[in-house]
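Visitor: Build me a structure from this.
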Amino acid sequence: MVTAVARVRTLSPGGFLRLSLASCAALFLVVTSGAFVRLTGSGLGCDNWPQCGDKPYPEQGFHAFVEFGNRMVALVGLALTLITWLGARRVAGLPRGARLTALAAFLLTVAQIPLGAITIALDLHPLAVMAHFLLALAVLALAVAVALEAWSHVGGLAGPAGPRWLRQFVTWVGLPTCAALVVTGAVATASGPHPGADEDVKRLGLEIADTVYVHVRVAAAFGIGVLFMGWFLLRMRGRYPGLLWLWGALVGVLGAQAILGEVQYRTALPWGLVLVHVFLAAAIWALSIAVAYALWRPPTALTTRQ
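Guide: Sure, this is the predicted structure:
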């Protein structure tokens, strides 16, 4: 009887890994759907938040359906972060830090609800929209860390990769530079031709050319840092081949993003290309978090088993 109850109350490491990956995917979709709302001018498609007009659901209108759809996607993300946290509490032997990280991801997802309401109340003020976007990326980073811990719990945890100074460099220089890349990109978007709604939404008042100038130079600095890190990962490929593959994925997305950024700027920022740009930006952020975290706590699956 006791054994049967214990089985009901526990979650297998493999099941928790699948749950954490589903949470990552949902949160990634939240970032993309939020960008879709803004770029289609649907940010104020549903008034009387949290309702959509006089009812809790949209009755008609493209913008209303887009905004309401984003709310549903966000609700799925919220539910999955909650389930992931509850699941983390049922996985035997899971590090306490992983449970706390899962809890933080859920709480920050909850914080998106009042922040979204504030953003609408402020008529999509660009600073509020940026905060909404950046908080979503913070939640995504926590979800990636949880997924890596879940992966390690399934196949084992290897020793830290590379010299300590390299890990510290990636953590304390590389990730802040990546964050600066995302923030300057958000500022450029807030200065561009996509205010988030058809109405006269307030803008930052900065010239798009000036914001892009800064963004491109931050991107160059980040790219140089990624190449610098890759040289060391290449030397460690015999022991940590999986880390080199993660780095390769990051380089590939960075290259695609650079090409797309140039194209979209020279074509007057069409919203479809900007949407892909945001999608790739979220991918760069998630992969950067994954590489930095895996340097400190690499899953055994990323190593060559001895």
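
Visitor: what residue ranges in the stretch 201-306 of the chain score low on pLDDT?
Guide: Residue ranges of the stretch 201-306 of the chain with pLDDT under 70: 201-202, 305-306.

Visitor: Span of stretch 294-301 from start to end?
Guide: 11 Å (C-alpha to C-alpha, to the nearest Å).

Visitor: how about it: buried residues?
Guide: Buried residues in stretch 294-301, counted by 16 or more other C-beta atoms under 10 Å: 294-300. All C-beta atoms are positioned from the backbone trio N, CA, C, and that covers glycine.

Visitor: model confidence over stretch 13-33, on average?
Guide: What stretch 13-33 shows for mean pLDDT is 95.

Visitor: Could you give the separation of that stretch from the chain centroid?
Guide: Relative to the mean C-alpha coordinate of its chain, stretch 13-33 is positioned 11 Å out (C-alpha atoms, centre = their mean, to the nearest Å).

Visitor: One more: stretch 160-169?
Guide: That offset, for stretch 160-169, works out to 24 Å (C-alpha atoms, centre = their mean).

Visitor: okay if I get the buried residues of stretch 294-301 as TSV plus secondary structure and distance to Arg71?
Guide: Below are these laid out as TSV (DSSP: H, G, I helix; E, B strand; the rest coil; distance: C-beta to C-beta, whole Å):
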residue	secondary structure	distance to Arg71
Ala294	helix	34
Leu295	helix	37
Trp296	helix	36
Arg297	coil	35
Pro298	coil	37
Pro299	strand	35
Thr300	helix	40
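
Visitor: shouldn't Gly162 be in contact with Phe232?
Guide: Yes - the pair Gly162 / Phe232 is scored as a contact, 5.7 Å apart, by C-beta atoms under 8 Å.

Visitor: If you count surrounding residues, which of the two has more?
Guide: Gly162 (20 against 17; other C-beta atoms under 10 Å).

Visitor: SS state for that one?
Guide: coil (DSSP: H, G, I helix; E, B strand; the rest coil).

Visitor: All good on my end, thank you.
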